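Asker: Generate a structure from the sequence data that follows.
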Amino acid sequence: MTSNDLGEFLRARRARLTPGDVGLTSYGRRRVAGLRREEVAVVAGMNSDYYARLEQGRERCPSPQILDAIGVALRLDREGRAHLYRLAGSAPEPGRAQPQETVAPMLSRLLDGYADTPAFVLNPALDLLAANGLAEALFSPFGAADNLARMTFLDPAGRGFHAQWHRAAEAVVATLRGAAGLEPDYPRLREVVDVLTGASEEFAALWSTHTVRGKTHEAKEFVHPEVGPLTLAYESFDVRGAPGQQLVIYHAEAGSPSGRSLALLGSLHATQGSRPAVRDREDGPEGIPLWRDDHDAYSGGRAPRDSAEGRTARERPFDCKA
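Answerer: Presented below is the predicted three-dimensional model:
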């Protein structure tokens, strides 16, 4: 044993990995094998200087959250993760929970409270688990508002809806790549990626670049057929108590053209007196699930509740299985 067993373990484990193993792109020749320190830090979502101090033995008290992130970044198995905790003088927390697919009733009510701005809940696979009325109005050009990645690449409305489609497509794929690094054992994410890779050459090409992107605050630029261009800022929040879920809120600057257009969109859909039709899944010619309108599914303008899941039928994510 040495005075820096933790640092030696970290160096040895990152030497076993390549950038491609963790969803990163490798540039130029490398003097030594394995990941660089800064690459481990990027995948783990931490400051590179902090990670360097940890390897060098100058940082002695990493938190359980830091150790969990490093364990995921270095692709440690159960035994390796337990050893990492022992070297750090800590006790491992229970295994990482799988993302939850059910939206809590309280969160659904919170969504409805954002009457003047689109708000919705995503899982790491970019399934739309729940959405408020204005989010439904925003995504109404699509055949089904079920999964942001599918809507971008496979729905014919996607290219017209995104003012800069290629930029939006790159962001979607990079977000999924980042999620794959954090949730390598998440079956739903693998399903979505497999379907899109087989159905879209453009998705497959972007996926092969291994570009990873975390949260950004870039404005979203849309073109809605009913109200025209929309430039919307957005914020995303992790949902406490629901691993993997994020609450996303779009908003327009008060008094701006986008703000007026967003208000108009809400008014148009409010005066229609009904929500979009419930859609049932059908398999299309390529084995990709399509959706069939069922205009008789609603009674009094409300979607039927699925009591087993606590969500409306419109809130169920699309099924990738053919």
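
Asker: in stretch 174-190, what's buried?
Answerer: Judged by neighbour count using 16 or more other CB atoms under 10 Å, the buried positions of stretch 174-190 are 174-183, 186, 188-189. Quick note: C-beta positions are derived from backbone N, CA and C, even for glycine.

Asker: Endpoint to endpoint, it covers what distance?
Answerer: From the first residue to the last, stretch 174-190 extends over 15 Å; the measure is CA to CA, to the nearest Å.

Asker: list the helices and strands the lengthiest strand in the chain packs on?
Answerer: Once the chain is assigned using DSSP state E, the strand that runs over the most residues is strand 228-238. Contact here means 3 or more CB pairs under 8 Å, 6 or more residues apart in numbering; DSSP states H and E; on that basis strand 228-238 packs against strand 220-224, strand 246-251, helix 257-272.

Asker: Return the distance of residue 86 relative to residue 5.
Answerer: Residue 86 sits 9 Å away from residue 5, taking CB to CB, to the nearest Å as the criterion.

Asker: and what of residue 271?
Answerer: With distances taken as CB to CB, residue 271 is found 68 Å from residue 5.

Asker: more crowded one of these two?
Answerer: Set side by side, residue 271 and residue 5 show more neighbours around residue 5, with 14 against 7, by other CB atoms under 10 Å.

Asker: isn't the more buried one right next to residue 87, touching?
Answerer: Yes - using CB atoms under 8 Å, residue 5 is in contact with residue 87, at 5.2 Å.

Asker: Which stretches in the protein count as helices?
Answerer: Assigned by DSSP state H, the helices in the chain fall at 5-14, 37-44, 48-56, 64-73, 78-87, 105-113, 133-138, 148-153, 158-161, 165-182, 187-199, 201-207, 257-272.

Asker: follow-up on the earlier one: can you list the helices and strands packed on strand 228-238 in TSV and add distance to residue 230 and mean pLDDT?
Answerer: Below are the helices and strands packed on strand 228-238 laid out as TSV (distance: least, CB to CB, whole Å; pLDDT from 0 to 100):
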stretch	distance to residue 230	mean pLDDT
strand 220-224	5	97
strand 246-251	9	95
helix 257-272	5	92
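
Asker: Kindly present these as TSV, with separate columns for distance to residue 39.
Answerer: Written out in TSV, the entries for the helices and strands packed on strand 228-238 read as follows (distance: least, CB to CB, whole Å):
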stretch	distance to residue 39
strand 220-224	29
strand 246-251	25
helix 257-272	38
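
Asker: Residue 16 is nearest to which of those?
Answerer: Closest of the helices and strands packed on strand 228-238 to residue 16 is strand 246-251, at 31.6 Å (criterion: CB to CB).

Asker: now what about the closest one, what contacts it?
Answerer: Here strand 246-251 makes contact (CB atoms under 8 Å, 6 or more residues apart in numbering) with 107, 110-111, 114, 117-123, 135, 138, 220, 232-239.

Asker: got a pLDDT number for the nearest residue in space to residue 131 that is not next to it in sequence?
Answerer: The spatially closest residue to residue 131, leaving aside those adjacent along the chain, is residue 120, at 3.9 Å (CB to CB, 6 or more residues apart in numbering). What the model reports as pLDDT for residue 120 is 97.
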